[in-house]
Structures are given as C-alpha cells and as structure tokens.
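Peer 1: Pasting the sequence and the predicted coordinates here, then a few questions.
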Amino acid sequence: MKEITQQSKSLNDTMQNMKLQIFTLSMLIGLVVLSPAAAQTAEVKTSGYELMTNKQYGNCIACHDMPGVQGLTSNFAPSLQGVGRKYSEKELMQWVVDARKFNADTLMPPFGSTHDLKLTRPARVILSNEQIAQVVFTLQSWR
Ligand code: HEC
C-alpha cells in the first residue's frame, strides 16, 4: 500500500514536471513569436499626435491650440484646427521642417533643420524625417 502511494506520488511529480516543462516551452515559443512584432511597434509607432503633444518631441501645444487637446492651450500661434484644408502636404512639411521659408523672422522652431542656427548644444534636428512625416500625416487629417 505504501509502495503504491509512493509510486503514485512519483507519477504525480512526473506529471507536474511535465506540465511545468510544457508551460516553460510555450512561454519561450510565445516570446520568440511575439517579440519581433512587439519590438517593431515600440520602435516605429510614436504617433503624430503623441509627437505633437509630448514635451520630449515637438511640444507644438506650447504655442498652438490643436484638436483633441482639452483645457488650457496656448494662443501664441494660430490654432492648428483646419490646417489640413488650408495647406498642401508639401506646405505642411515645410512649416514643420523650417517655417523660416514662410516668415524669415518666425518664432516657430525649425524642427527638421539646423541651418543658420546659433546653438550652444551640438547641432541636431529636433524631429527626424520619419517623425516629421508622421506629424504632417496628422496635420493633414485636420480638415
Ligand atoms: C515656439 C512656438 C511654436 C512651436 C513650439 C510650434 N510652432 Fe507652429 N507656429 C508658430 C508661430 C508663431 C506660427 C505663425 C507663423 C509665424 O508667426 O511665423 C506658427 C505656424 C504654424 C503653422 C501654420 C499655421 C497657419 O495657420 O498658417 C503650422 C502648420 C505649424 N505652425 C505647425 C506646428 C507644429 C506641427 C509644431 C510642432 C511640431 C509647431 N508648429 C510648433 C509657433 C510655434
């Protein structure tokens, strides 16, 4: 009787072990299958809207009112409501890359150019081309 109990105990242990192994294996497969997709999303997708509202990126709301932002917004610069109707894709791109093309004395920072800037920090653009394309895509949707 004791033997049987022990046998079934060890069978039970083996089953538990197998379950654990299957679990570990499926976790590993899960990681291998999911991680490239997850990594890609994290890398590419900071949305245009996020780029415009986040202080680390464009922080356009420091000067502009824009759709979807509630509460106190700046009226230093014109509202961005309807800019997708007002300007072509190319013009919007120019505004964001370097607004000095439209107004040589503009107070809007050139987000995609370091041309003629007198910087104390090492010269680098504020937004990458890819980020600017995403911002422009969002601007275009505001019609
Ligand atoms: C420091 C303030 C400031 C910031 C930050 C800023 N802008 Fe501007 N922006 C301006 C000003 C001022 C104008 C008006 C043109 C001028 O006076 O030269 C303007 C004009 C524009 C225009 C043209 C609007 C129109 O109706 O003619 C667009 C489009 C624009 N900004 C987009 C952006 C985007 C996108 C960002 C963020 C990535 C941004 N701006 C950040 C100050 C700013």
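Peer 2: Done, it's in.

Peer 1: Show me the domain layout of the protein.
Peer 2: 1-44, 48-140 (automatic domain parsing).

Peer 1: By mean pLDDT, show me the worst of those.
Peer 2: Among these, domain 1-44 carries the lowest mean pLDDT, a mean of 56.

Peer 1: Pull the residues that contact stretch 103-111.
Peer 2: Stretch 103-111 is contacted by residues 58, 63, 76-77, 95-100, 117, 125-127, 132, 135 when judged by Cβ atoms under 8 Å, 6 or more residues apart in numbering. Where C-beta positions appear, they are placed from N, C-alpha and C, glycine not excepted.

Peer 1: Glu50 reaches Tyr57, doesn't it?
Peer 2: Yes - if you go by Cβ atoms under 8 Å, Glu50 and Tyr57 touch, sitting 7.3 Å apart.

Peer 1: neighbour count winner among the two?
Peer 2: Tyr57 (19 against 16; other Cβ atoms under 10 Å).
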